[in-house]
Every structure is written in C-alpha cells, then in structure tokens.
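Colleague: Need coordinates for the below:
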Amino acid sequence: MSSKSFPVVLAGVSLAALPLAVMAQSDTQADALDPIVVTATLGPQTVGESLSSVTVIEKDDIRRQQPAEFRDLLHAQPGVNVVSDGSYGKTTSVFLRGAGSAGTVLLLDGIRLRSASAGIPPWQFLPPELIERVELVRGAKSSLYGADAVGGVVQAFTLEPEAARQGWVELSGGSHSLLESTAGVAGREGRTGFLVGGVYSDTDGTNLRAGGEDKGFRNAGGLAKVSHRFDQGGGAGVTVFQSEGNTEFEGGDTDFLVRAMGLYLEAVASDYWRTRIQFSESRDEQDTFGSFPSVFDTLHRSARWENTLTAGVHEFVVGTEATVDEVEGTSQFSEDSRTNTAVFGQARLNFGPTDVMASARLDDNEAYGKEETGGLALGHQFDQAHRARVSYATSFRAPTFNDLYLQVPFYTGNPDVDPEEGQMVEIGVSGRYSHWFWDVAVYQNDVDDLITFVSDPVTFEGTVENVESARIRGIELSSGFETVNWDVNAAITLSDTENRDTGARLPRRSERNVRLDVDRLFDQWSVGASVIAESDRYNDAANNSRLPGYGTLDLRAAWNFLPGWSAQFKVDNVLDRRYTTSGGFDSVTFEPFDYLAAGRTYLASIRYDFRQ
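Modeller: Below you'll find the predicted structure:
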C-alpha cells in the first residue's frame, strides 16, 4: 500500500465500521446527531433539513478536544484546509472547498471579522476558550452573506449563560512555557441573561524554521454579553468581544487587536411577520515591528434588517444591509473607505417530502460596482432516514483595499480589477438514524477572473490583475455516531483544484484530507484520540515548491474528580512530527524556508465550575 493511499484507506475503514459499532450501543436521543443550525439559511433548521453541507462542532466536542488554537477545531474537517506559518498565533488561512484564503467568511455571533486591507479573517487571534459552538457551512453563500462567501461560511458562537447562576475558573500549563488562565461568571434571571468571561495565554512558542529561535505569543481575550427575551416573543441583546496581544514571527513581531461589538433587536409583529435589526462593528488592528514595519488598522461597520414572513409551511425572508469599510496606516492608499449597500431575499418552500430554497442578492459597492448572486436548492426526503439534495449557486470575492488602492515600494494597487466570480454545483445524499449518520457530497466550483499578483521581471514592480480561471471539484464523506459511552466522527475530503490557464494545482491546498475523532465516555472520566492526515501540497502557484503530506495523532483524557472540579490532560502530535503547510522567505537573504508546526506538546488543566 502506498503512503498516499493510506489516509484514505484508514478513514474508509473507520467510516465503514461506524454502523457495526453503533449496533452494540444503547439508545440515545436522535437530536444529538441532528442539531439546529442558523448559518446555512436565514433562519433555524436542523442539519438534516438543510439543503447545504453542514458540520456542527458542539460545546461538548470543544471541551473534550481541548484545542490550543481555534484552527485546531477546523483542521481537516470536511472540505477544510488549514494553512499556518507555524504554531501559536501565527498567520493562518482557511481554504473552504478550495476557495482562496479571502474566500471564506468568518462570523462571530453574526458579526463579520476580517481585515479590510488584506481580506483575511483573524483566525489565529480567536481564543477557543470563549467559543461554545461552531457551524461550518460549505458551498457558495454570497446570495445570503455577500462578498467573499465563495467556499462557504464559518460561524463561531460565543459562550451563552445557562439557567440560574454559574461561574468558572481554569488554570492550564504545558509545553513551551505555556501558561493560561480562564475565568467567568454568567447567569439567567427570568428572561434576562448575562455573561462576562476572559482568558489570558502566554507562551514562548516554538521555532518556526529549522535552526531558528522560538517565537512567542501572548493573548488576552474578553467577552461580555447581555440579552433579554420579550414576553410576546423576540428579544434584544448586546455582545462585546476583544482579543489583543503580541505574536512574534521570523523578522519581527506584531501587536494586534481584534474587537467586535453587536446589538440586535428582534420583534414579533404578528403571527406571520418577524423582524430583526442588527448593528455591528469590528476592528482589526496590527502594528508590526521588525524588518518591514507597518501599521494597518481596519474598521467594518454593518447595519442589517431582516423580515421573515410565513405562509403556512412556506417561509420568505427579505432584507437589506449597509456596510462601511475604512482603512488607515503607514502605507498609502489612494482611497481609504468604501460603502456597500445590498438587498436580499430568500424563499423556503415545502411540498411534503420535497423542499425548495431560492435566494438572491444585489450588492452595490462604490469601489467595484454591482454584483448579483443567487442560489437554487432542491431536497427530497425518500423516507424517515434518507434524503438527497442538489443545488446551484453563484458567488463573488471582492477586491481588497490592498488589491485596489495600496501604494508601496514595488507594489501599486489596481483600481480597475474586477471581483472574482464563481459558480458552484453540488449533489448530496445523507442518512440519519437513531444512533449514527452518514453524508456524501460531490461539488464543482468554476471561478473566473481570479485576482492574481503579477510583477515585471526587470523592475520587480508588481500589481494585481484578473488573469486566471480555476476549477475546483471534490467529494466529501462524513459519518459519526453518539451514544452514552461513545462519540465518534470521521471525515474524508478528496479534491482536485486546477488553474485552467496553466494546468497547475492551486497553491497550499492538499488533495486528500482525513480526520477521525474518537472519545470513550465513562461516569466520571473520558479518554479520546484524534487522527489527522493530509496529502502533499504546493507552496507556489507554479507548483515548483512541494510540501510533503503528514499525519498526526493526539491523545486526551478528562476526569471529574469532585463535584464541580475537573482535570484534563492532552498530548498533541504524539509521534512528534515537524510538518509544514506553508513556506516563506528570509527577510535578509530572501532564501526560501518551510514554516514548521510544533512537534509533540503537552497540556494539563484544572477547572472549577460553581452554580447557585
């Protein structure tokens, strides 16, 4: 058996074994495997009802997996490639269904997070300790969320207060002088809930290149939220989130701040009409020191109004959204702000076993004009357990401020560059039973007018142009089961990405990914393991720099040793693989090198939860 085929065979065996293992287990509630999601459409529905491919990571999953970084939750999930310039707060990109690093939307409680200058969400600065749920929606979603939802949408939901009053304190320590503390209080009195929590983490980090020095990371995160439900339905709430600190890299370090604030008001106007208004603001500020010092501060403000109308079993949503992006810093931009207005609509129709969803959106941006996107999906329920779906959707990725306006030595933005435009077709089949589920999705995304960096070989002056097209297609297989004693999830992703102009693979995307999570649960303790394997990838568009594939094994254990007290222990990368998913250039010699992920690491924690 070749080393390339091993990951696929491993996951195939795991998927095939799930129903056999489940047959020996006791009954459990089916809704644990069919949770409610809100990101796939403009309204709640179960994963089984959704006409999109959805993966949900629940609070218990996050708690058991003990992620050191938010990206650890996404790593090798169906359709996901995670690329990072090393471990602990280093630059991270998420490629969802092969879309570019700026082609995946990140939402935090409905608030969009991203750098308006670079266009990339701050994945590396999101503390997982403040997150209790993640929804990964795969497929083009620009008709619902506007620009950049080419590969899909990732929405993280912050901690929510439970009934009565509760609080928690947790202390952790581990490899690379990692020290972390987490604390919070929350409660719910009647229809009003509140939560205040924070986390502080500090580590010396690891060496990012062979023979290099350790590069540290320090992060302080905070969350505050208040919500109230009205007697007649609907409600209001405020969320404030912040993450700030410092991260070191080869050639310097960066002080960063990510802040998100949101206010929503939802009212039930009648038995057939529900309306919701949300105002939000997010900031992404980075002050970089070292070989190439710079300051980039970006601001995104949004006002969104949604109206949901019901007519029997059918549902219609109409709304409008207005956004403003602003950027400032040491680099010169010929334009430092832009506005976008949009109108959108969605229809969810039910005809017995058949569901239809249609959506459309019109964006009007002062920088690049109007963009129309739409989607049409059809689902059919064959029986209580089995369902098929087919969909078609268009998308676009907006040029960033860097693409359009940035003016620095050896680079000039191109104000005439057009948005990338995509067309995605998907067919999926799923089965959901009392103990387990399986899902298979096949898709193809054709993207035109890829925004690509080009430079003069003599003067080295560079800019961006619309010069390429790409074809991205793949297969996603996922399965899992959950009982009183077992929690198992497995996924395989097979993809094929191609630059249609050159025939080369798109850079930094692996073509075969496998993830297997297994947890054995006991009365007061649990043990678990995660296996992740990815095939090779190329670091450059010309496919001259190949990065080999890799596989890792993580082990974990947890123990509830006294009422309210728990302890956890985890060993990541047990086999001590120093692998790489990206490469860079030395800031002095310009020699290429590979960014190395951390080897074997340990993490131990003790936590106290109290309730009143």
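Colleague: pretty sure residue 410 is touching residue 453, no?
Modeller: No: counting by Cβ atoms under 8 Å, residue 410 does not reach residue 453; the two are 11.2 Å apart. Placement of C-beta: from N, CA and C, glycine included.
Colleague: Overlap of the contact sets of these two?
Modeller: Jointly contacting residue 410 and residue 453 under the rule Cβ atoms under 8 Å, 6 or more residues apart in numbering are residue 462.
Colleague: Helix, strand, or coil at residue 162?
Modeller: Secondary structure for residue 162, judged by DSSP: H, G, I helix; E, B strand; the rest coil, is coil.
Colleague: And for it, the neighbour number?
Modeller: For residue 162, the neighbour count with other Cβ atoms under 10 Å is 13.
Colleague: repeat for residue 383
Modeller: 8.
Colleague: can you tell me how far it sits from residue 431?
Modeller: Distance of residue 383 to residue 431, computed by Cβ to Cβ, to the nearest Å: 10 Å.
Colleague: what does residue 71 give?
Modeller: 30 Å.
Colleague: Looking at the two, which one has more neighbours?
Modeller: residue 71 (21 against 17).
Colleague: My guess is the more buried one contacts residue 83. True?
Modeller: No: look at residue 71 against residue 83 with Cβ under 8 Å: they stay out of range, at 9.3 Å.
Colleague: intersection of neighbour lists for these two?
Modeller: Looking at what touches both residue 71 and residue 83 (by Cβ under 8 Å, 6+ apart), the common residues are 92, 94.
Colleague: pLDDT at residue 587, what is it?
Modeller: pLDDT, residue 587: 74.
Colleague: try residue 584
Modeller: pLDDT, residue 584: 88.
Colleague: Can you spell out which residues form a bridge with residue 227?
Modeller: residue 193, residue 237 (DSSP bridges).
Colleague: Can you give me the distance of it to residue 40?
Modeller: Taking Cβ to Cβ, one finds residue 227 at 23 Å from residue 40.
Colleague: Neighbour count for these two, which is higher?
Modeller: Higher neighbour count among residue 227 and residue 40: residue 40, with 27 against 18, using other Cβ under 10 Å.
Colleague: Was I right to think that one contacts residue 56?
Modeller: No: look at residue 40 against residue 56 with Cβ under 8 Å: they stay out of range, at 10.1 Å.
Colleague: intersection of neighbour lists for those two?
Modeller: With Cβ under 8 Å, 6+ apart, residue 40 and residue 56 have common neighbours residue 135.
Colleague: which residue ranges form the helices in this protein?
Modeller: Here the chain has its helices, by DSSP state H, at 6-23, 59-65, 71-74, 142-145, 401-404.
Colleague: weakest of those helices in terms of mean pLDDT?
Modeller: What stands lowest among these, in mean pLDDT terms, is helix 6-23, with a mean of 40.
Colleague: which residues of the stretch 351-500 of the chain fall in strands?
Modeller: 354-365, 369-381, 386-397, 406-408, 411-412, 420-432, 436-455, 462-482, 486-499 (DSSP state E, counting those that start in this stretch).
Colleague: Would you mind putting those strands into CSV with mean pLDDT and distance to residue 597 alongside?
Modeller: Listed next are the strands of the stretch 351-500 of the chain as CSV, based on pLDDT from 0 to 100; distance: least, Cβ to Cβ, whole Å:
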stretch, mean pLDDT, distance to residue 597
strand 354-365, 97, 37
strand 369-381, 97, 36
strand 386-397, 97, 28
strand 406-408, 84, 30
strand 411-412, 86, 29
strand 420-432, 97, 29
strand 436-455, 91, 26
strand 462-482, 92, 24
strand 486-499, 96, 19
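Colleague: Just send those strands back as TSV, with distance to residue 341 too.
Modeller: Shown next, in TSV, are the strands of the stretch 351-500 of the chain (distance: least, Cβ to Cβ, whole Å):
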stretch	distance to residue 341
strand 354-365	5
strand 369-381	10
strand 386-397	15
strand 406-408	24
strand 411-412	28
strand 420-432	20
strand 436-455	23
strand 462-482	24
strand 486-499	33
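Colleague: so which of those strands gets nearest residue 252?
Modeller: strand 406-408 (16.3 Å; Cβ to Cβ).
Colleague: hey, what's the most centrally placed residue in the chain bridged with?
Modeller: Central residue of the chain (Cα atoms, centre = their mean): residue 154, 3.8 Å from the mean position. Note on residue 154: beta-bridge partners residue 106, residue 136, judged by DSSP bridges.
Colleague: Locate the residue of this protein with the greatest distance from its centre.
Modeller: Using Cα atoms, centre = their mean, the residue of the chain lying farthest from its centre is residue 458. It sits 39.7 Å away.
Colleague: Wait, residue 276 touches residue 268, no?
Modeller: No: Residue 276 lies out of contact with residue 268 (Cβ under 8 Å); the separation is 10.2 Å.
Colleague: contacting residues for residue 282?
Modeller: Residue 282 makes contact with 108, 111, 112, 113, 114, 258, 259, 260, 261, 299, 300, according to Cβ under 8 Å, 6+ apart.
Colleague: Assess the claim that the second one and residue 238 are in contact.
Modeller: Going back to what we said before, that points to residue 111. No: contact criterion Cβ under 8 Å: residue 111 and residue 238 do not qualify, at 11.5 Å.
Colleague: show me what contacts the closest residue in space to residue 225 that isn't next to it in sequence?
Modeller: Spatial nearest neighbour of residue 225, excluding adjacent residues (Cβ to Cβ, 6 or more residues apart in numbering): residue 239 at 4.5 Å. Residue 239 sits next to 109, 111, 158, 223, 224, 225, 260, 261, 262, 263 when contact means Cβ under 8 Å, 6+ apart.
Colleague: Which of those sits closest to residue 286?
Modeller: For the contacts of residue 239, the nearest to residue 286 is residue 260 (15.6 Å; Cβ to Cβ).
Colleague: neighbours around that closest one, how many?
Modeller: 24.
Colleague: quick one: it and residue 110 touch, right?
Modeller: No: under the contact definition of Cβ under 8 Å, residue 260 does not touch residue 110, with a separation of 9.7 Å.
Colleague: Mutual contacts of the two, please.
Modeller: residue 280.
Colleague: count of neighbours near residue 183?
Modeller: 16.
Colleague: Can you tell me how far it is from residue 172?
Modeller: 12 Å.
Colleague: can you pull the contacts of residue 70?
Modeller: With Cβ under 8 Å, 6+ apart, residue 70 has these contacts: 123, 124, 126, 127, 128, 131, 156.
Colleague: Which pLDDT value goes with residue 118?
Modeller: Value for residue 118, per-residue pLDDT: 88.
Colleague: Test my guess that it contacts residue 399.
Modeller: No: Residue 118 is beyond contact range of residue 399, at 11.7 Å (criterion: Cβ under 8 Å).
Colleague: More neighbours: which of these two?
Modeller: Taking neighbours as other Cβ under 10 Å, residue 118 and residue 399 compare with residue 399 leading, 25 against 21.
Colleague: Not including adjacent chain positions, what is the nearest residue to that one?
Modeller: Residue 399 sits nearest to residue 417 (Cβ to Cβ, 6+ apart), 5.0 Å away.
Colleague: Repeat that for residue 540.
Modeller: residue 507 (5.6 Å).
Colleague: What is the burial count for that neighbour?
Modeller: Burial of residue 507 is recorded as 21 neighbouring residues (other Cβ under 10 Å).
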